[in-house]
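K.L.:
Let's see this in three dimensions:
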Amino acid sequence: MKVFFNDLLDYNFFCNKKLIDACKKSNGVPDKSLELFSHILNAHHLWNARILSKPAAYSVWQLQPISAWEDIHYDNQRNSFDIVTQTNDFEKRIDYENTQERLFTNSIQEMLFHIINHSTHHRAQIAMDFRANGLEPINMDYAFYKR
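P.N.:
Down below sits the predicted model:
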């Protein structure tokens, strides 16, 4: 399980880094893309905090400046790798409150997979937003990453 999650987290890191680099070089990142990528970073941070039973530093839709993206992304990745390294039971269930203060329980495995799947979902929305605004989307397919 550790190898599986480390591979997916590497892929997630690679894709987010490519997107960060492209946005830093762009003169006109669409507002919706800025919101969605900030959300990706914030949500990743929030899920890590839930797993680690720590308070979150960001709200789920907080707008992050592009200049902060790389540091937040690196911290998210480091924390997720630490979680994978230190977890011996990926089926361990963790109680947490969602952003509406409702109580839920999920396994560490489910939470980690959600981080990756959630990021992929919103990166696809960003690709569509890029295209709709005359920008070329970045190829972030898993098969492309593995080549």
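K.L.:
can you count the residues close to residue 18?
P.N.:
Using other Cβ atoms under 10 Å, residue 18 has 15 other residues around it. For glycine as for every other residue, the C-beta is placed from the backbone atoms N, C-alpha and C.
K.L.:
residues contacting the closest residue in space to it that isn't next to it in sequence?
P.N.:
Excluding the flanking residues, the one nearest residue 18 by Cβ to Cβ, 6 or more residues apart in numbering is residue 138, at 5.3 Å. By Cβ atoms under 8 Å, 6 or more residues apart in numbering, residue 138 lies in contact with 15, 18, 19, 22, 127, 130.
K.L.:
Show only the entries of these found in helices.
P.N.:
When DSSP state H defines the helices, the subset of these inside them is 15, 18, 19, 22, 127, 130.
K.L.:
Sort out which one of these lies nearest residue 94 for me.
P.N.:
Using Cβ to Cβ, the shortest approach to residue 94 within the ones in helices among the contacts of residue 138 belongs to residue 15, at 25.8 Å.
K.L.:
tally of neighbours for that closest one?
P.N.:
Residues near residue 15, counting by other Cβ under 10 Å: 22.
K.L.:
I figured it was touching residue 122, is that so?
P.N.:
No: the criterion here is Cβ atoms under 8 Å, and residue 15 misses it with residue 122 at 10.8 Å.
K.L.:
TSV for the contacts of residue 138, including distance to residue 91 and pLDDT?
P.N.:
Shown next, in TSV, are these (distance: Cβ to Cβ, whole Å; pLDDT from 0 to 100):
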residue	distance to residue 91	pLDDT
15	27	97
18	33	96
19	32	97
22	37	95
127	34	97
130	38	97
